[in-house]
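Enquirer: Provided below are the primary sequence and the corresponding predicted coordinates.
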Amino acid sequence: MRVMSQQSPQAEFDIRPLPGPLGAEVIGPDLSQPLSEAGFIRLHRAHLDHHVLVFRDQHALTPQQQVALSARFGPLQRHVLKQFALPEHPEVLVVSNIVEDGKPVGLGDAGHFWHSDLSYKPRPSLGSFLHAQELPAEGGDTLFANQHLAYDTLPAKLKQAVAGRRAEHWYLKRYAELQQRSPWRPDLTPQQIAEVPPAVHPVVRTHPENGRPALFVSEHFTTRVLELPPEDSDELLEALFLHSTQPEFVYRHRWRAGDLVFWDNRSVQHLATGCPAHQRRRLNRTTIEGDVPA
C-alpha cells in the first residue's frame, strides 16, 4: 500500500514483501537523493520487519551517497582488509573478482561461507548495504537465511542445548582455507591480525530493536561453544549450522543492474553463490556498526 507524505516525495514509496521467509522490495525512491525523515523512518521499520530490503535501478547512487545513506543508521565499520577499500571512501569495501594489472581490485571471495558480517567484532554489524557495479552474465546470486525462523523452529533438544550458551567468533577461523582456494586473498600483516582477536557472543541473541531471538553462529566465523568439551562443541555447532540454513529459511537474490540490497546482520546470515572466474563481478559494500549482542 502506498503511504503518502506531505513532507517530501522521498517519503513516497511502496514496500512489497517478497514471497518466502524474508525480504521486501522497495519501489520508488531514488537513493541518490536524501531521504526525508519520514522516508527514513519507513525504511527503518521495513528493515526490522523484513530483514532484507531490495532497491532496484539505483544506477545514479555514488559511493559518497551510499556512505551518507548508510551512516544514517549508525557509525560505519571498516573491513580489516583495507587494501580493498575505495581510496577516496575508505568505508566502502570493494567486493570483486576482477584482476587488473596483475592485482585484484577487491575482495573476490567474500561470502564464500555462510556468515553474519563482522560477527567476530565486539560490536558486530547492524547491517550492510551492497550496491551492484558490474554483474556477471551467469551466477553471482546471494542467499539470505532468516535466523529468527531458524531459532523458532529448533527442535526442543537443540533449543535446550543452546539456552544460555556463548560461542567464540574468530575472523581467522577459515582464512588459511580461503587462501588455499584463492591466489588473490592476501596474507594478513601483524597489525591486521591484532585488529581481529576472537570475540564471544551469545549463541542465541535477542534483536535489540524487534525483540526477537535469533541464532547467532556461522560456519565461517564461529569456532567453539564455551564450557563444552571440543567434541560436544563441534557436534552442537554442526547441528546448528545445518539447521540454520535450510531452504525454507532462505531468500535467493538474483542481482540486476543497479540493485542495492540492505540486510540486517542481526537477523540473517548470507552466502555468495559464486560465479565463473572469467565473468566480471564488482559491488560496493558499506557496513554499519551494531550493538554488543545480548
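Expert: Here it is on my side, so go on.
Enquirer: which residues of the stretch 1-150 of the chain score low on pLDDT?
Expert: Scanning the stretch 1-150 of the chain for pLDDT under 70 picks out the ranges 1-11.
Enquirer: now do the strands in it.
Expert: 14-17, 24-27, 52-55, 76-77, 85-86, 89-96, 99-100, 103-104, 125-134, 142-146 (DSSP state E, counting those that start in this stretch).
Enquirer: who are the packing partners of the last one?
Expert: So the one you mean is strand 142-146. Judged by 3 or more C-beta pairs under 8 Å, 6 or more residues apart in numbering; DSSP states H and E, the packing partners of strand 142-146 are strand 250-253, strand 268-272. Just so you know, the C-beta spots here come from the backbone N, C-alpha and C atoms, and that holds for glycine as well.
Enquirer: can you list those strands in TSV and add mean pLDDT, mean neighbour count and distance to Leu76?
Expert: Formatted as TSV, the entries for the helices and strands packed on strand 142-146 read as follows, by pLDDT from 0 to 100; neighbours: other C-beta atoms under 10 Å; distance: least, C-beta to C-beta, whole Å:
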stretch	mean pLDDT	mean neighbour count	distance to Leu76
strand 250-253	98	19	22
strand 268-272	98	25	19
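Enquirer: adding distance to His278 as columns, could you present these in CSV?
Expert: Formatted as CSV, those follow (distance: least, C-beta to C-beta, whole Å):
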stretch, distance to His278
strand 250-253, 22
strand 268-272, 17
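Enquirer: which of those strands sits closest to Lys173?
Expert: The closest approach between Lys173 and any of the helices and strands packed on strand 142-146, judged by C-beta to C-beta, belongs to strand 268-272 at 14.7 Å.
Enquirer: what pairs with the following helix or strand past the closest one, and is each one parallel or antiparallel?
Expert: Next helix or strand after strand 268-272 toward the C-terminus (DSSP states H and E): strand 282-289. Strand 282-289 has the following strand partners under DSSP bridges: strand 76-77 (antiparallel), strand 89-96 (antiparallel), strand 125-134 (antiparallel).
Enquirer: what separates strand 282-289 from the chain centre, distance-wise?
Expert: Offset of strand 282-289 from its chain centre (C-alpha atoms, centre = their mean, to the nearest Å): 9 Å.
Enquirer: and the angle from it to strand 142-146?
Expert: 30 degrees (axes from the mean of the first three to the mean of the last three C-alpha atoms, to 10 degrees).
Enquirer: what's in contact with strand 282-289?
Expert: Identification of contacts with strand 282-289 by C-beta atoms under 8 Å, 6 or more residues apart in numbering yields 63, 66-67, 70-71, 73-77, 79, 86, 91-98, 105-106, 110, 117-118, 123, 125-134.
Enquirer: same deal with stretch 127-136?
Expert: Looking at what lies outside stretch 127-136 - C-beta under 8 Å, 6+ apart - the contacts are 47, 58, 61, 66, 69-70, 73, 95-96, 98, 117, 142, 255-266, 275-276, 279-288, 290.
Enquirer: which of the residues you listed are buried?
Expert: If you count burial by 16 or more other C-beta atoms under 10 Å, the buried members of the contacts of stretch 127-136 come out as 47, 58, 61, 66, 69-70, 73, 95-96, 98, 117, 142, 255, 258-266, 275, 279-288, 290.
Enquirer: what's the neighbour count on Glu238?
Expert: Neighbourhood size, Glu238 [other C-beta atoms under 10 Å]: 11.
Enquirer: just checking, what packs against the host helix or strand of it?
Expert: Per DSSP H and E, Glu238 falls inside helix 230-244. Of the remaining helices and strands, those touching helix 230-244 by 3+ C-beta pairs under 8 Å, 6+ apart are helix 147-152, helix 156-162, strand 213-215, strand 222-225.
Enquirer: Pro29 and Ala214, how far apart?
Expert: Look at Pro29 and Ala214: by C-beta to C-beta, to the nearest Å, they are 27 Å apart.
Enquirer: revised request: answer the last question for Gln65.
Expert: Using C-beta to C-beta, one obtains 30 Å as the distance from Gln65 to Ala214.
Enquirer: which of those two has more neighbours?
Expert: Shown here are Gln65 and Ala214; by other C-beta under 10 Å, Ala214 has more neighbours (26 against 16).
Enquirer: check whether that one really touches Tyr151, as I assumed.
Expert: Yes: between Ala214 and Tyr151 there is a contact under C-beta atoms under 8 Å: 5.5 Å.
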